[in-house]
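Enquirer: Can you look at this prediction? I've put the sequence above it.
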Amino acid sequence: MQTPRALVWAAGAVLLALVLAVGVNPLTNNDIWLHLTTGRLILERGAVPRVDEYSFTRAGAPYIAHEWLAQILFWEVFRAAGTTGLILLKPAALAAVATLVALASRKLGAGPAATFWAAALAVASMASHLFVRPHLLTFVMLAAATLMLVHLRDGSRRALPALLALQVLWANLHGGFILGFGLAFLMGAWVAGIGMALVSLLNPQGAGLFRFVLTFTDPIFRRRIREWSSPFDEPFAGSLHFWIYVVVLIACAGAALHHARRRRGGAAATLIAFGLLSLASKRNASLLGVAAAPWLAWAATEAFGPRVGRARWLAGARGLGLSCVAVAALAGATALHGVPHETGRTRRAGLGVGENVPVAALDYIKSRGIAGDALDSMGFGSYLIWRVWPASRVFIDSRLDVYGGPFIERYSLAMADPALMRDLIGRQRLDYALISYQLEEASGAVGALSSDPGWALVHFDDLAMVYLKRAPRWDELIARDAYRVVNPYRFLSGEMDFGGDPARGLAEASRALSEVPSSLVARLMAGTALQALGRHREAVSILEEASARLDPEAGGRELLFGLLGISYMELGDDERASRAMRKLLEISPESTYARRMLEEIEARRGWAD
């Protein structure tokens, strides 16, 4: 029975709603800034870079810009439509993958409902690794290669030339190109696989591109870089994306058995191979959903469709209609509440640049004319390059191949150990430091820089800290901007005495707040200083304002409600003090401090009665 056209259009609209709900959110991937810089340089120079120019630690080292075509694409999109254009690349890629998966599923013989769920599953799987970076294009290429290989299997004469053209494009977009001819071999398309491998040599690096891909097998990358870790490691393990992955993995095992029993070696091999690949790295968990979706849909239609009576649920209009309702509800919930991320934060709908990008810190650096060689947190390297290169060069950025495993290992250890960091910075001629103290390990960097009189903290916000190396050219800037008793990292770690000078702490926190009015940590420090000075009404005022602006997922909430509770108690407002401490318990159920304060409040109320 043919599916009503209106229902097909409705299914497409529901998928589009899911795509927009999942894909339209601010730029949160710092890698994009390096890609934009490189894409612009390639067009300006008419050549793909061969050596590193961005860092001072690896200057002149080989740099294989294997994603050069994607970098040009990103730059052209940015030049035409700014960050909004880049953001819209995500739903565009999601929509392309959903369409290609649906076409492949139908070509294989899947029913309408199974096809619909295959497309939705691909979208949901991509959500765990949905960033504006060249990897995004590998999702599209993988889905397109699957569809073409299905057509090739059915005897299409145009499929092979299309596969070869796709592979040339893929080899110049992203290192995931090896999945293309790997998939062909898995499906038994040996001629296509060999041809795709050969045409992959048509890139600026030639055969060197194949050697380059092998560099990412370094075990240090798996240990030190979160996206290369196992999907069974935290924080991915236990997240919503993890359970989606587990469902897909189990479904793949069942579908592989189903296809193997029907002697479909290519389908079974594809499911098994991509399942094993996903076990090696959570980065590959999203690829599994895209690669497996058509084969899952086919198996589900055959296994379950005929068993649900005359309606043939997975093959009929009724099943598709019910599926549309379910996915529409999912899209609505996603649009309303955002996409949960493995880190505990939520990607909410919107445009612009995400809160994890150090915009305020780089605004400060540029406005003060700070330049030179910078010690930086890895996640900030690309944005620093985008904003201030070539006036500044970075210590490290996200190009793992340029720095190599041993370098990244030494850097990671030093970022966690002040002694190792002191040794590291002692070996380098540095001018300033840009440190992520909220998103990455920073105890080593902050400990070493804060205890060294040769460095001065000159800027901080809720994300980043800027330290300046003392030198005659910076004397005036340091005299005006240096923070001598406040330090956000130490404050959030429990050191809140402001060097025994709360009045100065209040002045410095207030200055930080005037520079970055949205700063929660500056408000918390100002409130703490006011408490230390006995000015509890003023403390309540500034802390309540912080509470009104507080992101429900922001760090520092426990401290905020604890501070509010203290000031309310000092003012004799037991009802509000109790409310603040109960909020603290909601956030941190193990807080003995909150329980003790609540007991004290209740005891005081009992004595008053």
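Expert: Nice, thanks for sending it over. Numbering: from 1, shown residues only.

Enquirer: tell me what the longest helix along the chain is packed against?
Expert: Determined from DSSP state H, the single longest helix within the chain is helix 68-108. Where contact means 3 or more CB pairs under 8 Å, 6 or more residues apart in numbering; DSSP states H and E, helix 68-108 is packed against helix 5-23, helix 31-45, helix 112-126, helix 135-153, helix 285-304. Where you see a C-beta, it was placed from the backbone N, CA and C, and this is true even at glycine.

Enquirer: Give me the next element, helix or strand, following the fourth one.
Expert: Yep, that's helix 135-153 we're talking about. helix 159-171 (DSSP states H and E).

Enquirer: Please enumerate the strands of the stretch 251-400 of the chain.
Expert: Taking DSSP state E, counting those that start in this stretch to define them, one finds strands in the stretch 251-400 of the chain at 339-340, 346-347, 372-376, 392-394.

Enquirer: Buried residues, whatever helix or strand residue 514 lives in. List them.
Expert: Assigned by DSSP H and E, residue 514 belongs to helix 502-515. Residues of helix 502-515 classed as buried: 502, 504-510, 512-513, 515 (neighbour count, 16 or more other CB atoms under 10 Å).

Enquirer: mind checking how far that helix is from the chain centre?
Expert: Per CA atoms, centre = their mean, to the nearest Å, the displacement of helix 502-515 from the mean C-alpha position of its chain is 33 Å.

Enquirer: and the angle for the longest helix of the chain with helix 285-304?
Expert: Interaxial angle, helix 68-108 versus helix 285-304 (axes from the mean of the first three to the mean of the last three CA atoms, to 10 degrees): 10 degrees.

Enquirer: mean confidence score for helix 68-108?
Expert: In this model, helix 68-108 carries a mean pLDDT of 96.

Enquirer: what do you get for stretch 539-557?
Expert: 76.

Enquirer: now swap in stretch 175-184 and tell me
Expert: 95.

Enquirer: pull the CA atoms of that stretch into PDB?
Expert: Taking Å, rounded to 0.1, in the frame of the first residue of the first chain, the C-alpha atoms of stretch 175-184 are listed here in PDB:
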ATOM      1  CA  GLY A 175      40.900  12.600   7.200                       C
ATOM      2  CA  GLY A 176      37.800  10.500   7.500                       C
ATOM      3  CA  PHE A 177      38.100   9.800   3.800                       C
ATOM      4  CA  ILE A 178      39.500   6.300   4.600                       C
ATOM      5  CA  LEU A 179      36.000   5.300   5.700                       C
ATOM      6  CA  GLY A 180      34.900   5.700   2.000                       C
ATOM      7  CA  PHE A 181      37.000   2.900   0.500                       C
ATOM      8  CA  GLY A 182      36.800   1.000   3.700                       C
ATOM      9  CA  LEU A 183      33.000   0.900   3.400                       C
ATOM     10  CA  ALA A 184      33.300  -0.200  -0.200                       C
END
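
Enquirer: mind starting the numbering at 361 from now?
Expert: All right, first residue 361 from here; so that's stretch 535-544.

Enquirer: List the neighbours of that stretch that are in contact with it.
Expert: 426-427, 495, 498, 501-502, 505-506, 509, 523, 526-527, 530-531, 550, 552-554, 556-557, 560, 569-570, 572-573, 576, 630, 633, 647, 651 (CB atoms under 8 Å, 6 or more residues apart in numbering).

Enquirer: how about 7 Å then?
Expert: Contact with stretch 535-544 is made by 426, 495, 498, 501-502, 505-506, 509, 527, 530-531, 552-553, 556-557, 560, 573, 630, as judged by CB atoms under 7 Å, 6 or more residues apart in numbering.

Enquirer: Now find how far off-centre it is within its chain.
Expert: The answer for stretch 535-544 is 24 Å, by CA atoms, centre = their mean.

Enquirer: tally of neighbours for the closest residue to residue 865 other than its chain neighbours?
Expert: Spatial nearest neighbour of residue 865, chain neighbours left out: residue 858 (3.0 Å); criterion: CB to CB, 6 or more residues apart in numbering. Residue 858: 23 surrounding residues under other CB atoms under 10 Å.

Enquirer: hang on, isn't residue 858 packed against residue 847?
Expert: No. Applying CB atoms under 7 Å as the test, residue 858 and residue 847 come out as separate, 9.3 Å apart.

Enquirer: What separation is there between residue 802 and residue 680?
Expert: Residue 802 sits 51 Å away from residue 680, going by CB to CB, to the nearest Å.

Enquirer: Neighbour count for these two, which is higher?
Expert: residue 680 (25 against 20).

Enquirer: Quick check, the more buried one in contact with residue 370.
Expert: No. Assessed by CB under 7 Å, residue 680 is found out of contact with residue 370, at 8.6 Å.

Enquirer: thinking again about what came up before, in contact with the residue nearest to residue 865, which residues?
Expert: With CB under 7 Å, 6+ apart, residue 858 has these contacts: 845-846, 864-865, 889.

Enquirer: now, among those, which is nearest to residue 459?
Expert: For the contacts of residue 858, the residue nearest residue 459 by CB to CB is residue 846; the value is 53.4 Å.

Enquirer: As a check, name the ranges of all strands in the stretch 811-960 of the chain.
Expert: Under DSSP E, counting those that start in this stretch, the stretch 811-960 of the chain gives strands at 815-820, 824-829.

Enquirer: Fine, thanks again, bye for now.
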